[in-house]
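Colleague: Next input, structure requested:
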Amino acid sequence: MMRSNRQDTEIAKGNARVVLPFASLFAFFASWRFRCWLVALFIASQSVVLSATPQKEKETAEQIVARARDEIQRKQYREAEKDLKRALKFKKEPETQLLLAVVYHDEGKSHDAVKAVKGAIKSRPVYPEANYYLARLLFEENNLKGAREAIDLAFAQGVQLPAAYVIRGHLEVLDRKYQSAVDAYKEAIRRAAPSDVGVRELEELVGALNSYLESRVHQEGGSYRRPILLNLPRPDYTEDARRFRTQGTVHLAVLVDEKGAVSSVLRFSRLGHGLDEEAIRRPANLDSLPRQRTAVRFPTG
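Modeller: Predicted coordinates:
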């Protein structure tokens with residue numbers, strides 16, 4: 001029995017030798033030192049990962065604006081708007097504000113476009129390009145007085161853009177100063193590159209106005225009178241314009257030949273979203289009596 005008890009004691013002692021190390025290890029896991037050691041190990045492992053992964057450099061405002069210009073070329077106006085607003089948070093550069101006005105205009109947000117370009121002018125009072133663009137926006141909104149003031153200021157500040165001469169020509173036409181308009185259009189053609197979009201249209205515009213000026217010589221001489229307008233077709237509002245909530249005025253001049261047929265349709269402003277094409281298409285359905293030698297009265301309404 002004594003031997004048996006001694007064996008049991010040895011077994012118990014052996015079990016104690018096995019259990020005690022695990023109990024000590026568990027106590028270490030639960031200890032404050034282990035938790036500190038584990039946190040330190042985690043931080044060290046994260047430092048290795050971060051050091052092995054190159055960090056993305058922060059974009060500069062110039063890089064963001066450059067990307068926005070590419071997005072404008074691809075007609076990704078929403079992305080360009082977001083990028084330009086982000087760039088303006090770095091610094092309110094007048095060029096960025098003007099570019100944002102262009103994006104707003106292409107999105108059909110005319111009110112926001114005017115606000116943005118006025119912000120650019122406020123940041124840089126002597127900014128001929130911005131004053132030209134303001135004149136263009138106001139012209140499209142049919143604010144002719146504001147457009148004249150803006151374009152006059154742009155020229156006073158030394159604007160050299162061919163498009164500025166185009167706006168001046170349009171305003172002269174609406175003031176019935178046709179010769180001054182022809183001179184402005186010719187200057188725009190002279191300053192533009194032959195490959196520029198719109199040069200051919202300007203040349204046709206100059207030719208049509210010259211023909212009209214020539215015909216006025218006969219009208220003043222009393223050899224014939226203006227044709228009588230019989231109808232006035234209204235353009236339709238396009239679905240694309242409705243979706244973008246585009247509003248404004250497309251300024252047109254319609255030239256009628258001696259037989260009463262429409263010979264030319266001259267466009268002086270744009271709205272986009274199919275409204276320009278719709279406005280130009282309607283004059284083709286105009287009906288008028290040929291030029292007469294007796295005085296005529298134009299119907300109203």
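
Colleague: Surely residue 265 is in a strand?
Modeller: Yes. With DSSP: H, G, I helix; E, B strand; the rest coil as the criterion, residue 265 is assigned to a strand.

Colleague: OK, contacts around it?
Modeller: Applying C-beta atoms under 8 Å, 6 or more residues apart in numbering to residue 265 gives the contacts 252, 253, 254, 255, 280, 283, 284. Where you see a C-beta, it was placed from the backbone N, CA and C, and this is true even at glycine.

Colleague: How many neighbouring residues does the residue nearest to residue 108 when sequence neighbours are not counted have?
Modeller: Nearest residue to residue 108 in three dimensions, chain neighbours excluded: residue 244, at 3.4 Å (C-beta to C-beta, 6 or more residues apart in numbering). One way to gauge burial is a neighbour count; for residue 244, by other C-beta atoms under 10 Å, it gives 15.

Colleague: ok so, going back, next step: the contacts of residue 265 restricted to strands.
Modeller: Using DSSP state E, the subset of the contacts of residue 265 located in strands is 252, 253, 254, 255.

Colleague: of all those, which two lie farthest apart?
Modeller: Checked with C-beta to C-beta, these reach their widest spread between 252 and 255, with 10.5 Å between them.

Colleague: Please enumerate the shared neighbours of the two.
Modeller: When C-beta under 8 Å, 6+ apart defines a contact, the residues bordering residue 252 and residue 255 alike are 265, 266.

Colleague: now stretch 87-95, how far from the centre of its chain.
Modeller: How far stretch 87-95 lies from its chain's middle: 16 Å, per C-alpha atoms, centre = their mean, to the nearest Å.

Colleague: no no, stretch 87-97
Modeller: 15 Å.

Colleague: swap in stretch 89-107?
Modeller: Per C-alpha atoms, centre = their mean, the displacement of stretch 89-107 from the mean C-alpha position of its chain is 8 Å.

Colleague: Show me what counts as buried in the helix or strand hosting residue 207.
Modeller: When secondary structure is defined by DSSP states H and E, residue 207 falls within helix 199-220. By neighbour count, and taking 16 or more other C-beta atoms under 10 Å as the criterion, the buried residues in helix 199-220 are 202, 205, 206, 208, 209, 212, 215.

Colleague: Assess the claim that the second one and residue 186 are in contact.
Modeller: This means residue 205. No. Shown here, residue 205 and residue 186 do not form a contact pair, counting by C-beta atoms under 8 Å, at 10.2 Å.

Colleague: Need the residues touching each of these two.
Modeller: Among the neighbours of residue 205, none is also in contact with residue 186 (C-beta under 8 Å, 6+ apart).

Colleague: Low-confidence stretches in the stretch 101-250 of the chain?
Modeller: 218-226 (pLDDT under 70).

Colleague: where along it do the helices fall?
Modeller: Listed in chain order, the helices of the stretch 101-250 of the chain (DSSP state H, counting those that start in this stretch) span residues 110-123, 128-140, 144-156, 162-174, 178-191, 199-220, 239-244.

Colleague: chain center to the longest one, what's the gap?
Modeller: Computed by C-alpha atoms, centre = their mean, the separation of helix 199-220 from the middle of its chain amounts to 33 Å.

Colleague: Hey, what's the angle from that helix to strand 252-256? Just curious.
Modeller: For helix 199-220 and strand 252-256, the angle between their directions (axes from the mean of the first three to the mean of the last three C-alpha atoms, to 10 degrees) works out to 50 degrees.

Colleague: who touches helix 199-220?
Modeller: When contacts are defined by C-beta under 8 Å, 6+ apart, helix 199-220 is touched by residues 166, 173, 178-179, 181-182, 185-186, 188-189, 192-193, 224-226, 255, 263-264, 266-267.

Colleague: do the same with the first one
Modeller: Under the criterion C-beta under 8 Å, 6+ apart, residues 92-95, 97-98, 100-102, 104-105, 127, 130-131, 133-134, 137-138, 140-141, 246-248 lie in contact with helix 110-123.

Colleague: do stretch 275-282 as well
Modeller: Residues outside stretch 275-282 that contact it (C-beta under 8 Å, 6+ apart) are 233-238, 241, 246, 248, 250, 252, 265, 267, 270.

Colleague: hmm, 6 Å instead?
Modeller: Contacts with stretch 275-282, where a contact means C-beta atoms under 6 Å, 6 or more residues apart in numbering, come from 233, 235, 236, 241, 250, 265, 270.

Colleague: Test my guess that residue 79 contacts residue 69.
Modeller: No. Using C-beta atoms under 6 Å as the test, residue 79 is too far from residue 69 to be in contact (11.5 Å).
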